[in-house]
Every structure is written in structure tokens, then in C-alpha cells.
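[1] kindly generate the corresponding structure for this input.
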Amino acid sequence: MTLTTLADLGWTTFFSDQVSAEEAERCHPVRVMSVHRGKISVSGEAGQRFMTPYIQGALPTDDHPTVGDWLLVDDATLLPVRVLPRMNLFKRRSPGDPRRDQMIAANVDTVFVVASCNQDFSVARLERYLVLAREVGVTPVVILTKADLTDTPELFVTAARALEPGLRVETVNGRDPGDVVRLAAYCGPGRTVAFLGSSGVGKSTLVNSLRGSDSIATQAIRAHDGTGRHTTTVREMHRLPQGGWLLDTPGMRELQLSDAAAGIAEVFDDFALAAQDCRFSDCSHGVEPGCAVRAGIDSGALTAERFDRWRRLAVEEKTNADRLTKRWLR
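    Model (predicted):
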């Protein structure tokens, strides 16, 4: 499909309202399609091209363009002027400098949380990805791949749906385009879908089937544990026949829980609500009298297994947040 309008790329009033009349006279918007070392690929009404990622006249900062971003570009110099404020942003701490953020993906409409119907299926891992999606403010959809390789796909569906009331769960054979086409409803014109999921769950295969192309490299999984190696190496948006965009990036699988208290509270809202009724506001939900969480577990309204996962994520989030604070204060 030939790009003819900014709407094809996901341009909405959320972005156009940020552009002043003066900027509209001398600049034009483009969207970042891929990120490479020292350059980015952008698309706009004039087509696609490569350009520098460095903002005109500004010092290098953490807030550099990332895939999915919208930029204003100077008509005369063809250099980026500024990054438009984002609807949402996935980011992680830079591996080289934990005090700096590394931007991963911006302006995502839906997150496909991908897991496979085999021994690598993990409820704890799914909850972790749901927390990340909720914290950023993006709607998650759980995609269960390799459904054709099990006789009991309904068991995986039931386990996933139990994580959140109303959570959308889809089962697919990622190698069958006729089966994958059911996901097209999430990938309509101008819509952007990102992927979260561990290595070997079939993300690249799913992208290939949705695109009707085998251009994304895939790796065979190991037979003994059902896992595989990560094959995506470039942050890039892939165009779909339905008009939407798929975004797979290696950084998405390495996101850490920090400053994610709101996401944890949303995914584990049953425990968060119960905790409000504890006698003590700083209740650790251990041996304190009047603990509503423990009472819920004893009555069967809450489960001990889910409590343990809630506490582990909360401890991880607090540990990471405290560590980052200490590094900033050095």
C-alpha cells in the first residue's frame, strides 16, 4: 500500500494539536520507522529516507528519537527540530550507564504479550509483561502461539484469562496466515502494535505471517526446553496489509521493573484492594493482626501462589527504584 497521508502512519489530533501555526509554516512531520547506529529511517508524506537522529541546535540528551516517534523536520535544512510529546514510551536503563534512559518504542496502541503453548509457558512471566504494559498505559492482548502443537490449548487460555478480568487472549498457529488473520482487528490503518515476549515464543514467525513475508529471520527452538534465541536485532516498524504497523525490538524483552508501582497495582488490583482494609497501613502481610490480605488467602478469595508473585514483583520494583535513586545521588 502506498503511503499517501500522515494518517496512514498513525498521525492523529494528539500530535497535530502540538504543532504551532509558526512551526506548521516551516516544518513537516515524519515518523521514525527504524533506528540504526548513528541514523534513523523516517517516513512522511514525501516518502521514506534516512536522516540524523540528533535534534537541530540541541545538546545530546536521553530524549532522542526512537522507533514510533513523531518528529518535526525543518523544510529548509531537512534536520529534525524536535520530538513531539509521546502518547506513551517504553524505555529501560542504558546498559552502559544506569543513570541514563534508553528509549525503546513510542506511541504504541496495543501490546501483543506473546507466550507459547508449551513447557516455556509461565504465568509469572505473563504477569510481569502485563505490569509493564499497564505502567506505560498501553492495552495488552495475550497472544498464545503454537496452539497447534498441543492437545489442550484451552488450559493455557484459562490460565492466561485468570490473570486479569476481561483480559483479551488469542490462540494462534503463527505459521498459518489464515489463522493469524484473526489478529487483523488490532492492526487497522494507522494503528501500532508492539511485542513483548521471551525468546523462542514465535514473535518473528508471527510477524512474518501477519506481513505475508518471510523477511524476518527466525530460529528453531530447542527441543528439550521449548526455548530459542532472540532473532530481532533492529528496532523497526513493519507495515501490514491491513494498514497498521508491527513493532518488534530486542530491547522490549529486557525491560526492568522500576517505577512500576501503578502497573503492579493494576494487574494485582485484587491484592491492592484487599491491602486497603489491613489494620495497619504499613502491613507486610505476614504475621500482623488484622491483615486483610492474609484473611483473603485463608478464605480462598485470594491465592497464596498469586500472593507470592505479587510480592516478588513489588520487591523487584522497589529494589530497582532504590538502586537507581542511589546512583543518581552519587
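[2] quick one: low-confidence residue ranges for the stretch 101-250 of the chain.
    101, 199-200, 213-234, 249-250 (pLDDT under 70).
[3] now with 80?
    Applying pLDDT under 80 to the stretch 101-250 of the chain flags the ranges 101-102, 120, 197-204, 212-235, 248-250.
[4] okay, and the beta partners of Phe112?
    Note on Phe112: beta-bridge partners by DSSP bridges are Val141, Phe195.
[5] quick one: the biggest strand by length in the chain to chain centroid distance?
    Longest strand in the chain, counting residues (DSSP state E): strand 27-36. Counting by CA atoms, centre = their mean, to the nearest Å, strand 27-36 is centred 19 Å from the centre of its parent chain.
[6] which residues are contacting the following helix or strand past that strand?
    Using DSSP states H and E, the helix or strand that follows strand 27-36 towards the C-terminus is strand 39-44. Here strand 39-44 makes contact (CB atoms under 8 Å, 6 or more residues apart in numbering) with 3, 6, 9, 28-34, 48-53, 65, 71, 73. Glycine gets a C-beta too; all of them are placed from N, C-alpha and C.
[7] span of stretch 115-132 from start to end?
    From its first residue to its last, stretch 115-132 covers 15 Å (CA to CA, to the nearest Å).
[8] can you list contacts of that stretch?
    Counting by CB under 8 Å, 6+ apart, 90, 111, 113, 140, 142-147, 149-150, 153, 156, 159-160, 163-164, 167, 171, 196-198, 200-202, 225-227, 255, 257, 260, 263-264, 266-268, 309, 312-313 sit against stretch 115-132.
[9] likewise stretch 19-31?
    6, 9-11, 15, 42-46, 68-76, 81, 84, 237.
[10] try it again at 7 Å.
    With contacts defined as CB atoms under 7 Å, 6 or more residues apart in numbering, stretch 19-31 is touched by 6, 9-11, 15, 42-44, 70-75, 81.
[11] what's the answer for stretch 143-152, then?
    For stretch 143-152, using CB under 7 Å, 6+ apart, the contacting residues are 112-118, 153, 156-157, 160, 169-174, 201-202, 206.
[12] helices of the stretch 101-250 of the chain, residue ranges please.
    Taking DSSP state H, counting those that start in this stretch, the helices of the stretch 101-250 of the chain run over residues 123-136, 153-161, 177-180, 203-211.
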